[in-house]
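**Q** any chance you could fold what I've pasted below:
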Amino acid sequence: MFQIERHAWLVEQARSAGRVDVNASAEQLGVTVETIRRDLNDLELKNLLRRVHGGAIPIEGLGYESNLNMRKEHFIEEKRQLAAAGLELIEEAEAIFWDEGYTFQLLAEMWQPKHKTTVVTNAIHTASILSNKKNVDIIFLGGKVRSNTAATSDNWALRQLAELVLDVAIIGTNGVSIQHGCTTPHPGVSATKAAGIKASHSSYLLALSNRFGFDSFVKFADIQVFDGVFTDSDMDDTTFNSFITAGMKIKRI
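**A** Residues are numbered from 1 along each chain as shown. Presented below is the predicted three-dimensional model:
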């Protein structure tokens, strides 16, 4: 198998399974582990895969975006930690923009609001979870539902957000870099996130460490916009310090 064929196979495997393993790939393709490692390093340089311990995960961009079911299968403990951190951010809020994504679905499951709160969200599953909570009123943003994430994002959602004034926005991202800020693969999703941030007095980013240093397709915010940024403890010191120096208020949990 030629290198270009291995690269295509590795990218497809990562995108279909959410991850590609070095040892398993070497065995299946009949090449050495060192060959696969070099291939994965090349694909990371091309912004197609992100190296992680023992393999690689796909980078979400114009050509690829993971679906909600896949997001439920990977980095679950890290997402639970981020969700737990999010509880403190919304504790006192009376009006919240609640972003789409599995981390925010976990946050909805954990949350037990002690006072009356209004949540504005475009995520169907999150809205369903919150509808069973005491002290929560839900405003669901209308529009076309994207099958990948079971969330809405179009002009209807933007018009609703433009009329609201909220206490806090809790936001996720597909990619974040110092040069290009926070990005997602879909223009409508980026516009909805940006509108949620604009409508809110304060905003916070909850993002896995593997999102940092990589770009997706459409920018929705500069890294300095957020009042706080939370990521998992796997972020290395070099990356952490570079974002701190660039003005991001980031904390590893």
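**Q** might one say that Met110 is in contact with Leu87?
**A** Yes - applying C-beta atoms under 8 Å as the test, Met110 and Leu87 come out as touching, 6.1 Å apart. In this view, the C-beta of every residue, glycine as well, is placed from N, C-alpha and C.
**Q** distance-wise, check Arg104 relative to Arg50.
**A** I think there's a mix-up here, since residue 104 is Phe and not Arg. Distance of Phe104 to Arg50, computed by C-beta to C-beta, to the nearest Å: 21 Å.
**Q** neighbour count: those two, which is higher?
**A** Relative neighbour count places Phe104 above the other of Phe104 and Arg50, with 25 against 20, counting by other C-beta atoms under 10 Å.
**Q** in the host helix or strand of the more buried one, what's buried?
**A** Using DSSP states H and E, Phe104 maps to helix 102-110. By neighbour count with 16 or more other C-beta atoms under 10 Å, helix 102-110 contains the buried residues Tyr102, Thr103, Phe104, Gln105, Leu106, Leu107, Ala108.
**Q** what's it packed up against?
**A** If you count contacts as 3 or more C-beta pairs under 8 Å, 6 or more residues apart in numbering; DSSP states H and E, helix 102-110 packs onto helix 76-90, strand 95-98, helix 124-130.
**Q** so which of these is the most packed in?
**A** Mean neighbour count (mean count of other C-beta atoms under 10 Å) peaks for strand 95-98 among those, with a mean of 24.
**Q** OK, contacts around Arg37?
**A** Shown in contact with Arg37 (C-beta atoms under 8 Å, 6 or more residues apart in numbering): Val22.
**Q** and it, how far from Gly18?
**A** Note on Arg37: its distance to Gly18, by C-beta to C-beta, is 19 Å.
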